Each structure stands twice: as C-alpha cells, then as structure tokens.
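1. A predicted structure for the sequence below; I have some questions about it.
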Number of protein chains: 2
Amino acid sequence: RSESGLLEIAQLRPDLLQADAAIVAEPTGGAVEAGCQGTLRLGLTVQGLRAHTARPFTGRNAIHRLGAVINQVAQYEPRVAVVDGIAFTEQLQVVSVGGGIAPNVVPDSATLVLNHRVAPDRSLDQAVTAVREYLGDLLEDEDVLEVLDWAPAAPPSLTHPVIQSLVAASGQPARAKVGWTDVATLHEMGIPATNFGAGDPLLAHRSDEFVTESELSDFAATLRGLLFS
Amino acid sequence: RSESGLLEIAQLRPDLLQADAAIVAEPTGGAVEAGCQGTLRLGLTVQGLRAHTARPFTGRNAIHRLGAVINQVAQYEPRVAVVDGIAFTEQLQVVSVGGGIAPNVVPDSATLVLNHRVAPDRSLDQAVTAVREYLGDLLEDEDVLEVLDWAPAAPPSLTHPVIQSLVAASGQPARAKVGWTDVATLHEMGIPATNFGAGDPLLAHRSDEFVTESELSDFAATLRGLLFS
C-alpha cells in the first residue's frame, strides 16, 4: 500500500479525492474486477527444547514441530466467500521459514511467516481467528502467532449506479479482484471504487508485462461512453 | 573433530601415538562406551515455481514441499545396529531450515540441513543412500541432496585384550558411545580405542557439567589396576 501514493495525495491535495465513485485502472482484461481482498501477514514462532542431536529424545525439535504446521498450510483448501454475488477465493501460503542453532543441536525455536489473502466478509480479527483455528492443536500455549502486517479488503460496491453502468458498458460480467489494490484505500475513505482497466491481470508485475493498443482503445472508449452518454 | 588437536599431534609428534590400544577419557560414568557413531551433515535444496501469493495455484511452494520432508524426518524411527554385541542407535534430525523471497511471493526454493548419527556398520555412501531412500518420493530430480560434512564411525574393538581387560576392570557391561569422539580418529590411525572416563555423559557440554572426586578416584584406581596388575 505504501507504494501507491494515494495516502500522500489524501494528505497534500484532499480536494483531488472528492468523488462519487472511483475507478482504479488496474489491468483487468476489460472486465470490472470488483472490490479487493485483504492481505494479512502473520509471524509464527514455535518452541521446543534444545538437546544434542545424538540424544534428540532428551529435547524437542522446534523445526520438526514446524513441519506439521507447514504441512497443514500446504493442505489448505481455499475458502470461497460470495459477497454481493461476487466469489472471493482466499489463499494461505508460507512465505518464509527459518530456524537452527548449530549442526549438532536440536533447535528449541523456529519461525515462519504466513501470507493470508482474505475475502471482504472478514475483518482482521476474524481472519486471524480463522488461521488460528485452522492450525488448531498444532499451536501450543508458548508458541507466538502475531500480526506483522494487514491491509483490509473492500466489498464489491456493485450497487453504486456509476459502477453498475461500468459493468454494463464493459460487456462482461463483474468478477472478483484477485489481490490487494487501492480500491481498499478508497473504500476506507468512503469512496465506492472498483478495478477496471486494460491488460491481462495475470501479466501484472512480470518482466514481460504488456498491453495492446486495441485494449487501450477499448478501455478509453468505454470510459468516454460512461462519462458522456 | 577439528577441536580435538589429535590430528595436529599426529602431524607434529607421531611418536606420541605409537600405541597398542588407546583410552579416550570421555565422561562415560565409569563404564566402557565402545566405538562411536559417525556424524553426517546433509544439505537439501528443494525446487518449486515462483508465483504471486494471491494466485498460488500458478506456482509451487518450495517451503510447502519442505513441510512434507520435515514431517517425514520427524517420524523417523531410529535404526538400531548391533555391532560385536553392542547396540548403536542411529538418529536423524533437521538442524536448520531456510527459505522465502518476499511477503507476497510463493517461494521457488527452500533448504534444510540434516544431521544423521550413523552406526559403525555403515559407510558414508551407505548412510547417504539410507537417508535418500527414507525420503523416497519426496525428493525429485531437480532437488539437491549433498554431503556437507562427514566424520566416520568406529567399531567397538572389544576383541582387543587391553580393552577386554578394561571392561572387566570397570565392573560394568560395555555399551555404545552415543555421539562422535576421537575413538574414530584413532581407529582410522589403526589404533584400537575405546571411551572410558569419569562423569555423567548426559552432562557433557552443559554449563553445569561436573564430576565428583570419588568418580575421579575410581577412574584413577581402575587405570592403575589395568597398568600394573
């Protein structure tokens, strides 16, 4: 979120953000991609008991404990939440892992970081609780599960007349945005917003990302029609 | 092994190592702890495919793959090898783990280090093969399993008359050494050797390690008896 500059504009020129509704020109393949998912980063530290690796039965290997947690995350079946008729597919991934004391020591601590993509029907607290419940008995009292970062989700806002007109003008059914975008920040500011733009969203952030001239022309024509019809 | 100084003595004063048999005065609780286990350090790198965490199904999470490997290691049932009547219990532990690209990226690579304690009936090649077979289908062609470090095991040498006399003088049955000691280096030099000393082996390397005066007296008396009887 810090990369977008939207919060800076809100501070320096709030007059530019006086709007009935907003369109974020993310690449969406010319369809309305409604709302956006929240993104939650959770840090987990699990505890063990240090021992010599020749006598591991006198300790408890924290990395071995983490193996069960990683396996549970790897078996996660995405929850699909339908909000205002739009289906948002959640995700849960381990994005980093670390641990180890010395080559001959059973480690007493190990950590991982989870990234959870959260549908707009859940708050931060609900998302953290859901992950905690999903990990269940694998977490013990001395383990620490902490929120490292949270960017909230935004609902589809498809009942707003401007966004309804945009869906009609796009000629395609609205679908969920996969990923987090500035639609969430605009929603927090009280501005109904949606993603709509030219280009394939699957190419976003890739080094060979591209958009064709005809996609850009169609995009411009749709916006012109929306503004001047 | 580099900490013991034995290899340095072998270089500078090989005459000091002219011996029929050798006693390494490790803490063994006054019993003969025969031979020693080998210790093998293996590095494993597993491959995946990078993706955005909002669309993990377009990639393959290498840390998630590692979860299955860690779980398999955590379920390892120690192999017990009986060599010359002495039972050596092998061990397999994950001693470090690492991986992760960025908070929103499904990682395409992850690593771990294993420490395997190996009974004297197996060579380096046999030990590596055993670990590879134990991990089985969890390893794929592009994954890399490499030897980082190996210190060989030593057999019990209980047929040597000096060590037989020491077992008798100790008043306790001989048992296996748990861990790696200089007995292995002496064995490589062609000197039958065993561990025998005062103090509790479970306290070794602990900050509150101690040995009692009576344990030291018994130890000295046993050696005196062995040398002058």
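-> Done, it's in. Residues are numbered from 1 along each chain as shown, chains lettered A, B, ... in the order given.

2. Packing partners of the helix or strand harbouring residue A:147?
-> Residue A:147 is part of strand A:144-151, with elements assigned from DSSP states H and E. Judged by 3 or more Cβ pairs under 8 Å, 6 or more residues apart in numbering or on different chains; DSSP states H and E, strand A:144-151 is in contact with strand A:38-47, helix A:124-135. (C-beta placed from N, C-alpha, C; glycine too.)

3. Same question for stretch A:25-34: list its buried residues.
-> A:26-34 (16 or more other Cβ atoms under 10 Å in any protein chain shown).

4. And for stretch A:153-168?
-> So stretch A:153-168, judged by 16+ other Cβ under 10 Å, has buried residues A:153-158, A:160, A:162-163, A:166-167.

5. and what of stretch A:213-221?
-> Buried, per 16+ other Cβ under 10 Å, within stretch A:213-221: A:215, A:219.

6. Over to stretch A:32-48?
-> A:32-42, A:44-46, A:48.

7. Looking at the residues you listed, point me to the pair that's furthest apart.
-> A:32 and A:48 (49.4 Å; Cβ to Cβ).

8. hmm, who's touching the helix or strand hosting residue A:11?
-> In the assignment (DSSP H and E), residue A:11 maps to helix A:6-12. Residues from elsewhere that reach helix A:6-12, judged by Cβ atoms under 8 Å, 6 or more residues apart in numbering or on different chains: A:1, A:16-17, A:182, A:185-186, A:189.

9. How about the contacts made by the residue nearest in space to the middle of chain A?
-> Closest residue to the average C-alpha location of chain A: residue A:39 at 3.2 Å, with Cα atoms, centre = their mean. Contacts here follow Cβ under 8 Å, 6+ apart; on that basis residue A:39 touches A:115-118, A:149-151, A:180, B:53-54, B:104.

10. And it, how close does it get to residue B:105?
-> 12 Å (Cβ to Cβ, to the nearest Å).

11. and for the two, which residues touch both?
-> Listed contacts common to residue A:39 and residue B:105 are residue B:53; contacts here mean Cβ under 8 Å, 6+ apart.

12. wait, what's in contact with the residue nearest to residue A:219 when sequence neighbours are not counted?
-> Nearest in space to residue A:219, with sequence neighbours left out and distances taken as Cβ to Cβ, 6 or more residues apart in numbering or on different chains, is residue A:198 at 4.0 Å. Residues near residue A:198 by Cβ under 8 Å, 6+ apart: A:25, A:27, A:29-30, A:211-212, A:215-216, A:218-219.

13. Convert the C-alpha atoms of the longest helix seen in chain A to PDB, please.
-> Counting by DSSP state H, the longest helix found in chain A is helix A:213-228. Presented in PDB, the C-alpha positions along helix A:213-228 are these (Å, rounded to 0.1, in the frame of the first residue of the first chain):
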ATOM      1  CA  GLU A 213      -3.100  -0.700 -28.500                       C
ATOM      2  CA  SER A 214      -6.500  -2.100 -29.100                       C
ATOM      3  CA  GLU A 215      -7.000  -3.000 -25.500                       C
ATOM      4  CA  LEU A 216      -6.100   0.600 -24.600                       C
ATOM      5  CA  SER A 217      -8.500   2.000 -27.300                       C
ATOM      6  CA  ASP A 218     -11.400  -0.200 -26.000                       C
ATOM      7  CA  PHE A 219     -10.600   1.000 -22.400                       C
ATOM      8  CA  ALA A 220     -10.700   4.600 -23.500                       C
ATOM      9  CA  ALA A 221     -13.900   4.200 -25.500                       C
ATOM     10  CA  THR A 222     -15.700   2.600 -22.500                       C
ATOM     11  CA  LEU A 223     -14.700   5.400 -20.200                       C
ATOM     12  CA  ARG A 224     -15.700   8.000 -22.800                       C
ATOM     13  CA  GLY A 225     -19.100   6.300 -23.200                       C
ATOM     14  CA  LEU A 226     -19.500   6.200 -19.400                       C
ATOM     15  CA  LEU A 227     -18.700   9.900 -18.900                       C
ATOM     16  CA  PHE A 228     -20.500  11.400 -21.900                       C
END
